[in-house]
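**Student:** kindly generate the corresponding structure for this input.
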Amino acid sequence: MEKFKIPHSDIETTRIAFGAWAIIGGFNWGHQEEKDSQRALRAAFDLGITLFDTAKMYGDGKSEAMIAKALGDVRDKIVIATKALPEDFEYSRLKKDCEERLRILNTDYIDLYQLHWPNWQVPIEEPIRALTELKQEGKIRAFGVSNFGPEDMKDALLHSSEISTNQVPYNLIWRAIEYNILPICQQEQIPILCYSPIMQGILAGKFSTAEEVPDDRARTRHFSKDRPLTRHGEAGQEQETFRVVNAIREIAQKSGIPMVNLSMAWLLSRPAVGSILVGARNAQQVEQNVRAASINVDPSILEELTELTTPLKHLLGANPDMWASESRYR
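**Tutor:** Numbering: from 1, shown residues only. As a prediction, the model looks like this:
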């Protein structure tokens, strides 16, 4: 499986990562059997995935504990990325949170420790100072950020040249980061970790119309503000979104490549992308995800996908916040 190097560290890891939020169930994932989660994690490792992304927020440590239980015996062969919540960004609280993450993960070190969202009430130099010290102490091997826009990235870079990654939403039908975030990451050689790479199943071909998408998955700005669980105030782009989705499906059928794998292959071809974080709730889904890493897609097909989705990109605009009109990015 193709790998990439996490800057400012000696870490080399896979470009397909296991996103470990859905394995805890609940939220909009539904019921989840722990045995299926454990098998999914183990299958990912057995099939060559070495990067496992989790967070305190994912079940208040439940996801981290599952990783420790399923993969503790191969700890030295995997890369664990976890995240601290914004309310823990004050210097002393972040140092304490790291100790808690280490305890739950049952490990002596975290490979990649990330700031989950910006906290504009805490000067960025506080968490950066804590992260720098934690790295010097050997408790973390690298640190990164998540959901940081261009101004937050610039502020963070003023206080450290060792920011290793930025984790943001990116996929064929959500390309907002290409306006302002991707360019600065590319310029500073900071790999992007992409979450929501298949848009909660939409890019896996599960739905053909906006009406088919359950309300708990129809919360993004693609959908009308009239959907009951949305928190934005926009009309949405339902018609254009599903025109594009169905056109992607046709391209996948013509090329003989499953739509989900084609969508991930496109993402892996994009500049500055380090790894894509793909969730899986059972071993079978892991196997399907891994196939994307070995698919060779003709560059003309990738270009066709880019051109097809560009009008939707422009309609949705440069706000990288999928869920809120008043962006939590800056």
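
**Student:** what is the burial count for the nearest residue to residue 262 once chain neighbours are set aside?
**Tutor:** Leaving out its chain neighbours, the residue that sits closest to residue 262 by C-beta to C-beta, 6 or more residues apart in numbering is residue 252, at 4.8 Å. The C-beta positions use only the backbone N, C-alpha and C, and glycine is treated the same way. Counted with other C-beta atoms under 10 Å, residues neighbouring residue 252 total 20.

**Student:** again with residue 228
**Tutor:** With other C-beta under 10 Å as criterion, residue 228 counts 8.

**Student:** for residue 218, see how far away it is.
**Tutor:** Using C-beta to C-beta, to the nearest Å, we find residue 228 at a distance of 9 Å from residue 218.

**Student:** likewise for residue 319?
**Tutor:** On the measure of C-beta to C-beta, residue 319 and residue 218 end up 18 Å apart.

**Student:** which residues touch the closest residue to residue 186 other than its chain neighbours?
**Tutor:** Once flanking residues are discounted, residue 186 sits nearest to residue 272: 4.2 Å by C-beta to C-beta, 6+ apart. Counting by C-beta atoms under 8 Å, 6 or more residues apart in numbering, residue 272 touches 182, 185-186, 190-192.

**Student:** can you put the residues you listed in TSV and add distance to residue 44, neighbour count and pLDDT?
**Tutor:** Shown next, in TSV, are these (distance: C-beta to C-beta, whole Å; neighbours: other C-beta atoms under 10 Å; pLDDT from 0 to 100):
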residue	distance to residue 44	neighbour count	pLDDT
182	27	22	98
185	26	23	97
186	28	14	97
190	25	24	98
191	20	21	98
192	21	23	98
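
**Student:** so which of those is the closest to residue 144?
**Tutor:** Of all the contacts of residue 272, residue 190 has the smallest distance to residue 144: 7.9 Å, by C-beta to C-beta.

**Student:** name the SS class of the closest one, please.
**Tutor:** With DSSP: H, G, I helix; E, B strand; the rest coil as the basis, residue 190 sits in coil.

**Student:** same check on residue 248?
**Tutor:** helix.

**Student:** and for residue 287?
**Tutor:** What three-state DSSP gives for residue 287 is helix.

**Student:** how near is the residue with the largest distance to the centre of the chain to residue 298?
**Tutor:** When distances are taken from the C-alpha mean of the chain, residue 254 lies farthest, 28.6 Å away, according to C-alpha atoms, centre = their mean. The gap separating residue 254 from residue 298 is 11 Å, by C-beta to C-beta.

**Student:** likewise residue 277?
**Tutor:** For residue 277, the distance to residue 298 - C-beta to C-beta - is 26 Å.

**Student:** cool, residue 132 as well?
**Tutor:** Relative to residue 298, and taking C-beta to C-beta, residue 132 is found at 44 Å.
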